[in-house]
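Enquirer: make a model of this:
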Amino acid sequence: MTAAAKRRPGQALPRKMTTREAAEKFGVSMRSVTNYAAHPREEYLAAAQAMRKRIWAQLDRGLGVREVARRLNVSPSTVSRAAHHPDRPRPPTNTEVA
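Expert: Numbers count the residues shown, from 1 in each chain. Model (predicted):
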């Protein structure tokens with residue numbers, strides 16, 4: 001199995017050289033190296049969804065944005081974006097007027 005196949009979602013690829021060094025060694029652009037070393041899209045999306053679910057769970061427990069950010073080691077803006085994400089489950093609202 002390759003290192004990429006053993007990698008968990010969200011886990012960085014092991015690095016032996018910088019992007020610049022790899023680009024020079026293989027005669028390609030730094031952008032090409034970056035694209036090649038990027039996480040597969042399915043892994044990235046799965047890791048992002050897992051992080052959103054962890055954020056939602058903390059917010060549902062009544063914690064504030066800054067506290068969730070501190071506990072999960074992400075920026076407050078990441079928590080805020082997750083809080084307003086369209087996939088976030090919302091509790092049913094009672095639209096009946098008595």
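Enquirer: just want the most central residue of the protein.
Expert: Ala48 (3.4 Å; CA atoms, centre = their mean).
Enquirer: number of residues surrounding Phe87?
Expert: One correction, residue 87 is Asp, not Phe. Other residues within reach of Asp87, judged by other CB atoms under 10 Å, total 9. Quick note: C-beta positions are derived from backbone N, CA and C, even for glycine.
Enquirer: that one - nearest residue in space that isn't next to it in sequence?
Expert: Arg52 (7.2 Å; CB to CB, 6 or more residues apart in numbering).
Enquirer: isn't that neighbour right up against Ala82?
Expert: Yes - contact between Arg52 and Ala82 holds when scored by CB atoms under 8 Å: they sit 4.6 Å apart.
Enquirer: neighbour count winner among the two?
Expert: Neighbours per residue, other CB under 10 Å: of Arg52 and Ala82, the larger number sits with Ala82, 24 against 18.
Enquirer: what about stretch 77-89, average pLDDT?
Expert: Averaged over stretch 77-89, pLDDT sits at 92.
Enquirer: next, the distance between the ends of that stretch.
Expert: One end of stretch 77-89 to the other measures 19 Å (CA to CA, to the nearest Å).
Enquirer: distance between that stretch and the chain's centre?
Expert: 12 Å (CA atoms, centre = their mean, to the nearest Å).
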